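Chemist: Need a 3D model of the sequence below.
(2 chains)
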Number of protein chains: 2
Amino acid sequence: MNQHTVKAYGDELNQLTAEVARMGGLAEAQVADAVESLARRDIALARAVMERDVKLDAMQHEIEKKATRLIALRHPVASDLRKTLAAMRLATDLERTGDLAKNIAKRGLTLAEAEPMQPLTRSIERMGRLVSLRLRDVLDAYAASEVDGALAVWNSDDEVDEHYNALFRELLTYMMGDPRTITGCAHLLFIAKNLERIGDHATNIAETIHYEITGGEMTGERPRAAPAQDDDLHLLT
Amino acid sequence: MNQHTVKAYGDELNQLTAEVARMGGLAEAQVADAVESLARRDIALARAVMERDVKLDAMQHEIEKKATRLIALRHPVASDLRKTLAAMRLATDLERTGDLAKNIAKRGLTLAEAEPMQPLTRSIERMGRLVSLRLRDVLDAYAASEVDGALAVWNSDDEVDEHYNALFRELLTYMMGDPRTITGCAHLLFIAKNLERIGDHATNIAETIHYEITGGEMTGERPRAAPAQDDDLHLLT
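Modeler: Numbering: from 1, shown residues only, chains lettered A, B, ... in the order given. The predicted structure follows:
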């Protein structure tokens, strides 16, 4: 390999990482805006979130294509290979995060036409902010290649669960108290679940960063033993 | 490369594909058993599903490790590279399918302690059978490397959505009619959503098979334009 080829190869890898970081920035904005549109009953913002989602799909597609090309032509090994495979994994998590944000915006659009449910919306907003922060922190860790930052996000997974559990209880109480709110609350239930799933994607991203930097998979139990969607189980009485 | 190396390489690729197929078989069984345990209020079966889930996690881990090793040491290109990357993608979808089956079993365990909700359980069972069939068909297509079979699954995505929509309506009506069922119905709502998401994984798997065989990504719209979780949106009145 001559000097020129080596340089181009390094450039390609850096470009891939930069594209993932950019995709992360957009996904983060989508989540924040989706929650904001819900809290403010802002139909225009909700529509903007829904329309922007195609960009994330296109970016994922582009990252997959570039990573595959890089593997086929450059034969990366060791940390370069991990970086390339990590880019593909991260793009998948970010694309799904975007889908969930889009779904929140869509549900917000529909809820904006119904009666406001103030205390519930504020709880959702708080959970949304918490999840946005986790996403921001883990993307900061990615940009800085900091395994400690990723581990911090990985270890704080249970905060989101606590919020979700509290919200689940709150929603059921609301539904039982006033059956006319059942349909609206069912949508809020899915919004809460979507936020929890975004939190799970942040955890996945933390695991991928750990893999990319250290070459090892995360060992030991996740902060909580059960997957996210199980947290409301013990609340059935 | 001598004859021996070439043979071993081909063996490794075939082994990878076989492991994905085996993992698919287990995921399929997990979904079927989870639905069965729910329908029959079978606590022992639900527990078995929950315990078996670690196997799927281990299999995914193993497939990722083997695929990464294969890329690093064998430098596959063209259809061999696609086959290797597809194995990693499929393992991710199957692992998530397993998580969803486990969650259904767990919720079933909890619901078994509550009052039976007969007509609802039968609707869930029907939807569960439909989703299991899609999973079986797409895994058959993978084993036979048949792009037509994969396309058939991809094109029939809206059947699952129709079931989900009907179930969503049914659940809300039930909740409104008898608020004491609200908590139980909330769990059934998530079970229905989990089944829909398993259907989405079957669609993803169909797309990956198409990519593996043809080298092209699916073009054109998915059978329905919106992602799965949006289907109940228009039902908010």
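
Chemist: Okay, angle between the strand or helix carrying A:Ala101 and helix B:78-111 too, please.
Modeler: According to DSSP states H and E, A:Ala101 maps onto helix A:78-111. Angle between the axes of helix A:78-111 and helix B:78-111 is 50 degrees (criterion: axes from the mean of the first three to the mean of the last three CA atoms, to 10 degrees).

Chemist: Show me which positions of helix A:78-111 end up buried.
Modeler: A:80-111 (16 or more other CB atoms under 10 Å in any protein chain shown). For the C-beta atoms, the positions are set from N, CA and C on the backbone; glycine is no exception.

Chemist: And the average pLDDT for that helix is what?
Modeler: On average, the pLDDT along helix A:78-111 is 96.

Chemist: anything in that helix near chain B?
Modeler: Yes - against chain B, helix A:78-111 shows contacts by CB under 8 Å from any CB of the partner chain at A:78, A:81-82, A:85, A:88, A:92, A:99-100, A:102-103, A:106-107, A:110-111.

Chemist: For those residues, give me TSV that also has distance to A:Leu195.
Modeler: Converted to TSV, the residues of helix A:78-111 next to chain B look like this (distance: CB to CB, whole Å):
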residue	distance to A:Leu195
A:Ala78	37
A:Leu81	34
A:Arg82	30
A:Leu85	28
A:Met88	25
A:Thr92	19
A:Asp99	13
A:Leu100	8
A:Lys102	13
A:Asn103	11
A:Lys106	14
A:Arg107	11
A:Thr110	17
A:Leu111	15
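
Chemist: and the longest helix seen in chain A, what does it pack onto?
Modeler: Taking DSSP state H as the criterion, chain A has its longest helix at helix A:3-40. Contacts defined by 3 or more CB pairs under 8 Å, 6 or more residues apart in numbering or on different chains; DSSP states H and E place helix A:3-40 against helix A:43-74, helix A:78-111, helix A:118-143, helix A:182-214.

Chemist: who touches the helix or strand following the shortest one?
Modeler: Read that as helix A:118-143. Helices and strands here follow DSSP H and E; after helix A:118-143, the next one along the chain is helix A:147-155. With CB atoms under 8 Å, 6 or more residues apart in numbering or on different chains as the test, helix A:147-155 has contacts from A:134, A:137-138, A:140-142, A:202-203, A:205-207, A:209-210, A:213-214, A:218, A:222-223.

Chemist: Please produce a ChimeraX select command covering the buried subset of these.
Modeler: Remark: buried members of these, expressed as a ChimeraX selection using 16+ other CB under 10 Å:
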select /A:134,137,138,141,142,202,203,205,206,207,209,210,213,218,222
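
Chemist: Contacting chain B as well, which ones from the contacts of helix A:147-155?
Modeler: Answer for the contacts of helix A:147-155 near chain B: none qualify (CB under 8 Å from any CB).
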